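Novice: Have a look; sequence and predicted model below, questions after that.
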Amino acid sequence: MKKKQCIKNRLTSVATVLLLFIGTAFSSAQTITGNVGSEDGPLPGASVVVKGSTRGTVTDFDGNYAIEAGAEDTLVFSYIGYSPKEVLVGNQNQINVNLSADNELDEVVVIGYGTQRKSDLTGSVASVDAEDIANIPSSRVDQVLQGRAAGVQVTQTSGAPGAGTSIRVRGGNSITGSNEPLWVIDGIIVGTNFNLNNLNANDIESIEVLKDASSIAIYGSRGANGVVLVTTKSGARVGGGKPQVSVGLYTSTQLVPERPDYLSQAEQIDYTNEDARFRSVSEPFPNDPSTYPDNDYFDLLLDASNIYNADVSIAGASENGNVNYYNSLNFFDQDGLIKNSGIEKYIFRSNIDFKLGDKLKAGFRINYSRIKQENGVVGYGGLLNILPTQPVYNEDGSFNGFNEVVGAPFGNPVAIAQLDTDETFSNNLLGTVYLEYSPISNLIIRSTFNPEINNFKRNEFTSSQRPDLLVVGENGNARISGASSFGWNNENTVQYQTDFGENHSLTVLGGASFQRTAVETFEAQAFGITTDATEFNNIGLGTDPTRNLVGSGFNEFQIASFFGRVNYAFKDKYLLTLVGRSDGSSVFAPGNKYNFYPSIAGAWKISEESFMQDQDIFRDLKLRASYGQSGNQAISSYNTLGVLVEANTPLNGIQQPGLSLGRPSNPDLKWETTSSFDIALEASLFGGRLFTEFNYYYKKTEDLLLDVTIARQTGFTSQLQNVGSLENKGWEFLVNSTNITTDNFNWKTTLTLSSNENKVLDLGGQEFIDVVVDQITGAGSLRILVGETVPVFTGVNYLGTWKSQADIDASGLLPGTQVLGGPRFEDLNGDGIISTEDNVVLGSPFPDLIYGFDNTLSYKNLDLNFFFQGTVGNEVYNLRTWNNYFARGETTKYADIADRWTPDNPNSNIPRAGSDAVTSIPSNSKYVEDGSHLRLKTATLTYNFPVNKLGWNSVKNMSVYVSGTNLLLFSDFRLIDPETSQFGRDGLGNIAQGFSNGEYPNARILSLGLNVTF
């Protein structure tokens, strides 16, 4: 009995202690409120539990919750399909969290005119979200796509500040038309030529690339080259009624990259003199090399430079969730490596959404940018040609403007950088206003109006004090050019979703779109300006009216579209998508203005079948396929019409002004049409730790718009017609892997691989079309050839040097056209003449393989990310080789020219100095080099401050990072960086990809940044 009483007393004591402890705990507890969401919005029904207890709650429809918890408690947030998250309460009374999907197929992605779970997609969509591009210093959003989306080739055409990229989604589909993808920003169709400098990369929530017919057919006539959807941030996920302020700062140092190897000053003097002796002219440098200048023009004009970036954003939502907002301001300033080049940007964004009632929503998006760009008056490639012996200054200290070696004026780059001006100012306003009405459940009616206003002005001034102009007695000149445009886009959609029976789900979308854009351009140029006082601000000072120019232009474009989409699911296992869009464009003549683009796609969720339920390898397994059509307008306004040109004619001995037809009309022109097939397998394995996707596709483009030769009796030599076809086929492979997950350490990897094979099928009866890209090398370097990629590099085979006169005599080549030690080319047809008739295919600018390899390692509060990207199997056409390998000694030469053929070095395959005086130099295999490369694109180390443990109550999160861009490059290309395109992405650059002439280099960039959220 005593024993039982003792036990009872002890239990009573323990109970008393426990009650006292619990009472103490609850006395310090407080009400914690907040919001639980994901990248795609609030998560209703998410679980919120105090760790180690049974106390918990769930979020409401808007993702809001309230729970009692003490400062020492840890809250555990969880939701089906998402990774749980733990947060120590500390001194916080409001905790908002975003959960990440632990299964990639549960993620929601943006598609045309809507969103969809990735597991329900029947089309091919590549996604890049904000986390993938966080802490990557970048001035343009397109730059962060490189290597991160399978099937998307992104080429940085130049390293100049603000320079854009060339993008090919599953290859190029056109010859005359643009091959760039369509950009859609927050639902606004901005076209293929939108200046992406107008966007702040930090405002971006996600980027989706639509690649196959099922996903792009909803954009009809403009979707053939793929569609890039950009979604900007909102305040919906912040919640709680309190604003969230985020500040991002970084500063960067751009380092001058490695230079190509050229002869030293003494070696160059030796070559130049040897060249002169061969030509039987006097030696330009008869004295000792030490008596001549040894100028390094790169050191004089290139220097390490800085980048400054500041972002401030305020985001939030009202307590009842009826209003959410995101406002940001961005300042970006980048000085170029070359003097007088750089870009300065101011960008403001405001995104606001209103819930006006249970059935009505409204909102707007405004993005305004102001950009000043210094275009650079000195080209990097031009510096490669200047002999180090060329003086910068005359003996009296003035700038030198004469080249003694060639006996001609010298465009002194040091003087040009100091005296000339070339700058651009642009303003862009991009807006959206929308109204959304839901009269009944599951029915959404939405209308948007999207205005865009652009103003652009370029100022160019060539100083009257430039030494090369002074040498020839010429004065300065100035040019002002500009453009202004106003456009609008009206989108109207109706969407209805319903489930019927137990196994059927249906979503129907219908819509109409109307777009109009008008552009006005002007230019004025004056010559003979004798003063630099006003530069370009008073072109009326031009004293040479015979050369003055003035011009203006106008262009207008309209398009009307009607579209629809049906998504059907049976048992959530069998999915069907039907899409159709009809587009009518003002650029075509009556009878051809409209075209219809349909597509069909299906998917089978194999993992939902009963026979897959007793295995633990696949969490999800899906097979999908699609087929459909999309289009490419390929021509600009008025191209179907004939054009009148000036044609003066003599009358009574006096020239009279007149007009003649300069281009034949063709009202039969119609859209280029691309038909594509795609099949893919997606799988989530090992509990979601590994996600993989494999795509195979085939595309065929018909009715290519090409200039076709016509009978001269018509008065013309060619006419634009719909002829020819080409194809693209290839595969894509994606792997997302969670390699290690522990309490303190995580390691995730993403691998993208893709390969595309492009081939011309027909050119309207022609075997090939030669495109002239360089007046010196002439025709033959670039060819569009049936059976080959668009384009290919062509030329004759370079066989080394002539080793004996007997070989020259036996070659059958015309006497006197070859020289001992000179270049030897293959006379393929044996006609005794080296010409384009001897051309062979030398390579293609498009790689056999594109890859990206991204790794993120996290240890406690440290994150390390490194990203490699590269290509295999592409070639680069080096236009510098004509000057720097074969031509006269008046220009610099590659370093290996030191081992050239001489009587004392008769076995060399490098041509002797001066041999081009005898042998003409055609496009040849020596110009074409391997462009395969591997680049460590970015590496970032981030420290995330433990703000809760530090007691920083007003700070939600804070991180500091160091980052490097273009840190390593492995390549055998002579000019160092094979990622280049002299002709950019538009005009000739649409076809002439992969040409290098010493473009503005990509700098190695070191950055230090800070991100704070309050």
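Specialist: That came through, no problem. Treat the numbers as computed from the prediction; the structure is a model and nothing was measured.
Novice: Find the residue at the geometric middle of this structure.
Specialist: By C-alpha atoms, centre = their mean, the chain has its centre lying nearest to residue 142, at 3.3 Å.
Novice: Grab the nearest non-local neighbour of that one.
Specialist: residue 165 (4.7 Å; C-beta to C-beta, 6 or more residues apart in numbering). C-betas here are computed from N, CA, C, even on glycine.
Novice: same thing with residue 42?
Specialist: Using C-beta to C-beta, 6+ apart, the closest residue to residue 42 is residue 63 (2.8 Å).
Novice: cool, and residue 919?
Specialist: Residue 919's closest residue in space is residue 822 (C-beta to C-beta, 6+ apart), at 4.8 Å.
Novice: What of residue 698?
Specialist: residue 729 (4.5 Å).
Novice: So that neighbour, which state does it fall into?
Specialist: Three-state call for residue 729 (DSSP: H, G, I helix; E, B strand; the rest coil): strand.
Novice: quick one: it and residue 873, what's the gap?
Specialist: 16 Å (C-beta to C-beta, to the nearest Å).
Novice: do the same with residue 170
Specialist: 17 Å.
Novice: re earlier: sec struct for the residue nearest to the centre of the chain, please.
Specialist: Going by three-state DSSP: residue 142 is helix.
Novice: Give the full set of residues in contact with it.
Specialist: Applying C-beta atoms under 8 Å, 6 or more residues apart in numbering to residue 142 gives the contacts 154, 164, 165, 167, 196.
Novice: mind redoing it with 10 Å?
Specialist: Residue 142 makes contacts with 154, 156, 164-167, 180-181, 183, 196-197, 199, 201, 207, 228, 230, as judged by C-beta atoms under 10 Å, 6 or more residues apart in numbering.
Novice: and residue 729 and residue 873? which has more neighbours close in?
Specialist: residue 729 (18 against 15; other C-beta atoms under 10 Å).
Novice: wait, isn't that one in contact with residue 754?
Specialist: No: under the criterion of C-beta atoms under 10 Å, residue 729 makes no contact with residue 754, lying 12.0 Å away.
Novice: So for these two, which residues contact both of them?
Specialist: residue 170.
Novice: Assign residue 272 to helix, strand or coil.
Specialist: Relying on three-state DSSP, one would call residue 272 helix.
Novice: and residue 754, what element?
Specialist: strand 745-762 (DSSP states H and E).
Novice: Output that strand as PDB, restricted to C-alpha atoms.
Specialist: Listed next in PDB are the C-alpha coordinates belonging to strand 745-762 (Å, rounded to 0.1, in the frame of the first residue of the first chain):
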ATOM      1  CA  PHE A 745      24.600  18.600 -47.400                       C
ATOM      2  CA  ASN A 746      22.800  18.500 -50.700                       C
ATOM      3  CA  TRP A 747      24.000  18.000 -54.200                       C
ATOM      4  CA  LYS A 748      21.900  18.400 -57.400                       C
ATOM      5  CA  THR A 749      22.900  18.100 -61.000                       C
ATOM      6  CA  THR A 750      21.300  19.000 -64.300                       C
ATOM      7  CA  LEU A 751      22.600  17.700 -67.600                       C
ATOM      8  CA  THR A 752      21.300  18.800 -71.000                       C
ATOM      9  CA  LEU A 753      22.300  17.200 -74.300                       C
ATOM     10  CA  SER A 754      20.900  18.000 -77.800                       C
ATOM     11  CA  SER A 755      21.800  17.300 -81.400                       C
ATOM     12  CA  ASN A 756      20.200  18.700 -84.500                       C
ATOM     13  CA  GLU A 757      20.700  17.700 -88.200                       C
ATOM     14  CA  ASN A 758      19.700  20.300 -90.700                       C
ATOM     15  CA  LYS A 759      19.400  19.600 -94.500                       C
ATOM     16  CA  VAL A 760      18.300  21.500 -97.600                       C
ATOM     17  CA  LEU A 761      15.900  19.300 -99.600                       C
ATOM     18  CA  ASP A 762      15.100  21.600-102.500                       C
END
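Novice: and stretch 660-675, which residues are buried?
Specialist: 663, 664, 665, 666, 669, 670, 671, 672, 673, 674, 675 (16 or more other C-beta atoms under 10 Å).
Novice: Determine how far the last residue of it lies from the first.
Specialist: 40 Å (C-alpha to C-alpha, to the nearest Å).
Novice: Perfect, I'm done here.
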